[in-house]
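> I need the structure of the sequence given here:
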Amino acid sequence: MSSPQPYRSEQSGSAPENGVVSRHLTETFSRDTPSSAFVHFAALVAASGTFNWSYDIILMSGSILYLKSYFHIGQISVVIFSHVTSPSWIEGLTMTTGFLGTVAGMLVGGYLADRSGRRRTLRFAAIVMMLGAVGSALSNTLAVWGVLRFLGGVGGGLALLVGPMYVAELAPPRNRGSLVTFNEMGIVLGAFFANLVCFAIAKLIGSSPDCWRWMFASGCFFILIFLAGLFFVPETPRWLMMKGRPNQARTILTRVGGEDYALDTLREISQQTAEKTTKIREFLRPGIRMATFISLGLGALDQWVGVPTLIPRCS
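Residues are numbered from 1 along each chain as shown. This is a model prediction of the structure:
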């Protein structure tokens, strides 16, 4: 990760570095007065990424019965290295393909966010999720469906990782915690709406063998809202400072908390050096080690008793 560039106070009338600020920045963030509505809107846009991930994952609870019938999942076996897999193994893999994509997306999400920016990575996540949703709905073979389902999971993993990062770097400290929880609310609402939509589609066209296609295609509507919203929010000030663009960072921070807040935050970011980057072994220091184990334990327990257990039972 490249270290932030030192900030130097500039006159308000000076030209921005690296060319003219993008149109949406100059139009939306030209005012010098802070706006809590702007911060809340940006947090909602980022949280809609986690909403879409949860929606896409929980769709399996409503579509798996139709998928099993259409692709004959309960009647097929696959030979892998001379070993014949059971139909239940194929069904389990079908159920978890989206989760596997999520893991892959989260593994590369940090690198993409640092290299291309938080906002651009979220846009890329939305596009990948859209491709996964459309492709899954149009697939005619289980293998193609699995690949595209995995692709959609990659986009969801990117949104799940970068969304909270975006909010944490943009929101002011006084309400950063409450705004980051928008992502958790997005996960809950995504699961709720997925079950609601699957129920409605099953009631309307449940007798159709292509019922599952409409379930996966329904996610496109929410993904479009997520993608559209990303064209009305800025990049995070911290990433802009990392890339040596203090003028744009100051403009956004002024919109978030005012001129004094912008100057203080810019100085704080500029004082952080590469030597202060946290390494993995820092989490095992005395005083932090217990908190690390508790956090990992809660995360593992949440997955053990939560969504991964619930989805197969719903099917």
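> what's the weakest-modelled helix or strand in this protein?
Within the chain, no helix or strand scores below helix 23-28, which has a mean of 44 by mean pLDDT, DSSP states H and E.
> Quick test: name the residue nearest the centre of this structure.
For the chain, residue 159 is the residue whose C-alpha lies nearest the centre (Cα atoms, centre = their mean; 1.2 Å).
> State whether that residue is indeed within a helix.
Yes - in this structure, residue 159 lies within a helix as judged by DSSP: H, G, I helix; E, B strand; the rest coil.
> which residues sit in contact with the closest residue to it other than its chain neighbours?
With sequence-adjacent residues excluded and distances taken as Cβ to Cβ, 6 or more residues apart in numbering, residue 159 is closest to residue 49, at 3.0 Å. (C-beta placed from N, C-alpha, C; glycine too.) With contacts defined as Cβ atoms under 8 Å, 6 or more residues apart in numbering, residue 49 is in contact with 122, 125-126, 156, 159-160, 162-163, 186, 226.
> 10 Å - rerun?
Contact criterion Cβ atoms under 10 Å, 6 or more residues apart in numbering gives 121-122, 125-126, 129, 155-156, 158-164, 166, 183, 186, 190, 223, 226-227, 229-230 as the residues in contact with residue 49.
> same thing with residue 160?
With contact set as Cβ under 10 Å, 6+ apart, residue 160 has these partners: 49-50, 52-54, 57, 102, 105-106, 109, 125, 153, 183, 186-187.
> Also residue 118?
46, 109, 112, 162-163, 165-170, 233-236, 238-239.
> what about the nearest residue to it once chain neighbours are set aside, how many neighbours?
In space, residue 118 comes closest to residue 166 once its chain neighbours are excluded; the distance is 4.4 Å by Cβ to Cβ, 6+ apart. Applying other Cβ atoms under 10 Å, we find 30 residues neighbouring residue 166.
> Residue 55: what's it in contact with?
Counting by Cβ under 10 Å, 6+ apart, residue 55 makes contact with 48, 129, 133, 156, 186-187, 189-195, 197, 218-219, 221-223.
> Swap in 7 Å and give it another go.
Residues touching residue 55, when contacts are defined by Cβ atoms under 7 Å, 6 or more residues apart in numbering, comprise 190, 193-194, 219, 222.
> which SSE is residue 111 in?
helix 87-116 (DSSP states H and E).
> can you pull the buried residues of that helix?
Taking 16 or more other Cβ atoms under 10 Å as the neighbour-count basis, helix 87-116 is seen to contain the buried residues 90-91, 94-102, 104-106, 109, 112-114.
> go on, stretch 199-211?
Of the residues in stretch 199-211, those scored as buried under the neighbour-count criterion (16+ other Cβ under 10 Å) are 201-202, 211.
> Now tabulate the residues you listed in JSON lines and tack on pLDDT, distance to residue 265 and secondary structure.
As requested, those are exported to JSON lines (pLDDT from 0 to 100; distance: Cβ to Cβ, whole Å; DSSP: H, G, I helix; E, B strand; the rest coil):
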{"residue": "201", "pLDDT": "94", "distance to residue 265": "47", "secondary structure": "helix"}
{"residue": "202", "pLDDT": "92", "distance to residue 265": "50", "secondary structure": "helix"}
{"residue": "211", "pLDDT": "92", "distance to residue 265": "51", "secondary structure": "helix"}
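> Same list (the residues you listed) but as CSV, adding distance to residue 72.
As requested, these are arranged in CSV below (distance: Cβ to Cβ, whole Å):
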residue, distance to residue 72
201, 22
202, 20
211, 16
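> ok, those residues vs residue 244, which is closest?
Distance to residue 244 across the buried residues of stretch 199-211 (Cβ to Cβ) is lowest for residue 201, with 49.6 Å.
> Correct me if wrong: that closest one contacts residue 211.
Yes - in this structure, residue 201 sits in contact with residue 211. The criterion is Cβ atoms under 7 Å, and the distance is 6.3 Å.
> Against residue 43, how distant is residue 37?
From residue 37 across to residue 43, the span is 11 Å (Cβ to Cβ, to the nearest Å).
> Neighbour count: the two, which is higher?
For the pair residue 37 and residue 43, the greater number of neighbours falls to residue 43 (27 against 7), based on other Cβ under 10 Å.
> picking that back up, which of the contacts of residue 49 count as buried?
121-122, 125-126, 129, 155-156, 158-164, 166, 183, 186, 190, 223, 226-227, 229-230.
> Just the residues you listed: which are in helices?
Cross-referencing these against helices under DSSP state H gives 121-122, 125-126, 129, 155-156, 158-164, 166, 183, 186, 190, 223, 226-227, 229.
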